[in-house]
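Q: got a sequence here, can you build the structure:
(chains A, B, C and D)
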2 protein chains.
Amino acid sequence: MTRRTFHRETEAVRQNDLIAATLDSVAELGLAGATVREVAYRAGVTPGLIRRYFDNKERLVAAAYRTFISNLIETAAAGCGDGPAHARLAGLIRASVTAPVADGRTLSIWAAFIGTVNSDPVMAETHREGYQAFRDLIEQLVGECLRECGTDASHQSIRQHAIVLNALLDGLWIEISMGGDDFSRMDVVRIALDSTATLLGIDPAEFRE
Amino acid sequence: MTRRTFHRETEAVRQNDLIAATLDSVAELGLAGATVREVAYRAGVTPGLIRRYFDNKERLVAAAYRTFISNLIETAAAGCGDGPAHARLAGLIRASVTAPVADGRTLSIWAAFIGTVNSDPVMAETHREGYQAFRDLIEQLVGECLRECGTDASHQSIRQHAIVLNALLDGLWIEISMGGDDFSRMDVVRIALDSTATLLGIDPAEFRE
DNA sequence: GCAGTAATTAATCAAGTGTATAATTTCAAA
DNA sequence: TTTGAAATTATACACTTGATTAATTACTGC
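A: As a prediction, the model looks like this:
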């Protein structure tokens, strides 16, 4: 009986593969399905190897969550581009309600992780960081927008508008990703942009991109 | 060595207790912590008993989710009361962004269950039912509101406004329940009502309750 | 009070979990 | 080509999980 052949990989590649395999497992089988054996199988290695790159399974899952959430925010933020604030905000919104950010697989992974936040301090901290980053981004864009449009741009006004917009985006993202409604015939981007304009008191025409 | 004493209960009471214990476990320990033994312990029975009232653990969890989600929607809907449509809508919104609907424990349970929807068909169906009920309620109230205010109340307009409002409520509910932001100094109810009025094109004054 | 029935407990099982460790294999350096 | 160190595999262990079953207990109807 011969051992299976293998080839060595750098630490970065292996960690990356293991994290990707973890996210795949979580997406398809849920968090409970992301067992050490399942992850190892998907990564094309044996279970024991995981412990060489991650102290324990908890660390692996936490690392997977961190990569996932930072990638997600990065992808959404990449929609900003440059230009005037309202154009950047529009870009962020468009990116937030379309694939690959708004997507069933993404939602599944997000949901699975979210469920652990309350009972797992490590996950809670990771989650807090990611959320904070996104909220800060929105708050800044909202602030610039309000200033551009000459509306009330007081600290409190910015904050409240950011909270509401953040909530709207979260909710739309969930609805669209869930795919429960039939969004195929609607222009979700336009709906998102129009309602944002309405909420911020901006001329919707400027938001049509 | 004597056996522990016990007393019999009706099927309804036992099922209820077991479901309550399941929800407690999920809220505090996450879905992974809701083991048969943990649930039995919290319900004050022995593990074997569970199988007398639920075919298997999957059924118990599904039943717990169903009870949870229907209670949640019922509680929110109870905020409606009666009166003109905009008052009922305002009541629903107020209920949605305040305790016990908007609450950390509620969010934890919701999040834990949501994470299973993608990989578990039974949970997916239960989820769909609950969500549909809430969305229908909102769509009806929005429709009445638009008609009351003389705005465009076409089928498509109602549907789009309902989607957006639903998203806003979901997002606000999550944000508030999460407690990440410091909402203590803000009037979240007013923020929710004002932004809803803005989105629907209704006079905010009518929404102040 | 008594008997029978059904609810409940207690004990056990097989399967799957994360983890640990020793035996192997790969690869780079000499 | 050889050697040595590090990466990877294989195997095993202790533990937890959901499920099963027989023994016991509480309660209902007579």
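Q: whichever residue of chain A sits closest to DNA strand D sits in which helix or strand?
A: Residue nearest to DNA strand D within chain A (CB to the nearest atom of the strand): residue A:48, separated by 2.4 Å. For every residue, glycine as well, the C-beta is placed using N, CA and C. If you go by DSSP states H and E, residue A:48 is part of helix A:47-53.
Q: look up how far chain B lies from the residue nearest to the spatial centre of chain A.
A: By CA atoms, centre = their mean, chain A has its centre lying nearest to residue A:72, at 3.2 Å. In this view, residue A:72 and chain B are 16 Å apart by CB to the nearest CB, to the nearest Å.
Q: low-scoring stretches of chain A, by residue?
A: Along chain A, segments meeting pLDDT under 70 span A:1, A:208-209.
Q: element containing residue A:68, please.
A: Here residue A:68 is assigned to helix A:57-78, by DSSP H and E.
Q: what does chain A have sitting close to DNA strand D?
A: Contact residues (CB under 7 Å from any atom of the strand) of chain A with DNA strand D: A:1, A:3-4, A:6-9, A:11, A:14, A:44-49, A:52.
Q: just the buried members of these?
A: Among the residues of chain A next to DNA strand D, those scoring as buried are A:14, A:45, A:49 (criterion: 16 or more other CB atoms under 10 Å in any protein chain shown).
Q: got the contact list for the residue nearest to residue A:60 when sequence neighbours are not counted?
A: Distances taken as CB to CB, 6 or more residues apart in numbering or on different chains put residue A:54 closest to residue A:60, at 4.1 Å, once the chain neighbours are dropped. Neighbouring residues of residue A:54 by CB atoms under 8 Å, 6 or more residues apart in numbering or on different chains: A:15, A:18, A:60, A:63.
Q: the third one reaches residue A:19, doesn't it?
A: Looking back up the chat, that one is residue A:60. Yes. At 7.4 Å, residue A:60 counts as touching residue A:19 under the criterion of CB atoms under 8 Å.
Q: ok, residue A:36 - how many residues close by?
A: By other CB atoms under 10 Å in any protein chain shown, 17 other residues sit near residue A:36.
Q: grab the nearest non-local neighbour of it.
A: Using CB to CB, 6+ apart and skipping residues adjacent in sequence, the residue nearest residue A:36 is residue A:47, 4.9 Å away.
Q: flag every buried residue along stretch A:78-88.
A: Here stretch A:78-88 shows A:79-80, A:85-88 as buried, counting by 16+ other CB under 10 Å.
Q: can you tell me what sits against that stretch?
A: Applying CB under 8 Å, 6+ apart, the external contacts of stretch A:78-88 come out as A:89, A:91-96, A:141, A:144-145, A:147-149, A:202, A:206-207, A:209.
Q: same thing but at 7 Å, please
A: By CB atoms under 7 Å, 6 or more residues apart in numbering or on different chains, the residues outside stretch A:78-88 that reach it are A:91-92, A:94-95, A:141, A:144-145, A:148, A:202, A:206-207.
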